[in-house]
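Undergrad: Curious how this folds, go ahead:
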Amino acid sequence: MDAPRENAPAQGASSSPVPFGKQSEEEQIAQLIRLFELDPVLRTVKVISVTGDTRTDFYARQDPTNLIFDPTYPEPIGGRRSGRASRRYWTVEILRWRIRQANSGRR
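TA: Below you'll find the predicted structure:
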C-alpha cells in the first residue's frame, strides 16, 4: 500500500505558500525577522538599513519641526531622550511601521 510521504503537506494545509502581501501583518513581521536574522532590538544604523531611509530622513521623521515629521514613527526605547547613549528601537515596532507605510503607498 501507499506509505505516507514525509514531506507531504498536512491534511487541510495549502500546498502553495501564501504571497507576502496576502499574509497578516504579524506573519509578515515574523517572516522578515527570520529572513534577515534580526535581533529583538535594533540600533540606529540597523533601523536605517531596515527602513531604507537616509540618515537625514531617519532623524527628520522624528523631528516635530521638520516637514517630513511622522508622528507614527516608533519611539526609541526609553522615549525621546538626548545624551550620548545610543538609541535603540524594538524590531517589531520598526517593521510594523514600515509595513504600514508600504501598504498605504507612502515611502
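Undergrad: Tally up the residues packed near Val47, please.
TA: Val47 is flanked by 21 other residues according to other C-beta atoms under 10 Å. For the C-beta atoms, the positions are set from N, CA and C on the backbone; glycine is no exception.
Undergrad: and the gap between it and Arg61?
TA: Relative to Arg61, Val47 is positioned 11 Å away (C-beta to C-beta, to the nearest Å).
Undergrad: Return every residue with contacts to both of those two.
TA: Overlap between the contact sets of Val47 and Arg61, as judged by C-beta atoms under 8 Å, 6 or more residues apart in numbering, is nil.
Undergrad: And the pLDDT at Ser104?
TA: Looking at Ser104, its pLDDT stands at 86.
Undergrad: For it, give me its contacts.
TA: Contacts of Ser104 by C-beta under 8 Å, 6+ apart: none found.
Undergrad: what does Arg96 give?
TA: Neighbour list for Arg96: 25, 29, 74 [criterion: C-beta under 8 Å, 6+ apart].
Undergrad: Show the pLDDT at the last one.
TA: By that I understand Pro74. The score at Pro74 is 94. That number is its pLDDT.
Undergrad: Val92 is in contact with that one, correct?
TA: No: using C-beta atoms under 8 Å, Pro74 makes no contact with Val92, being 9.1 Å away.
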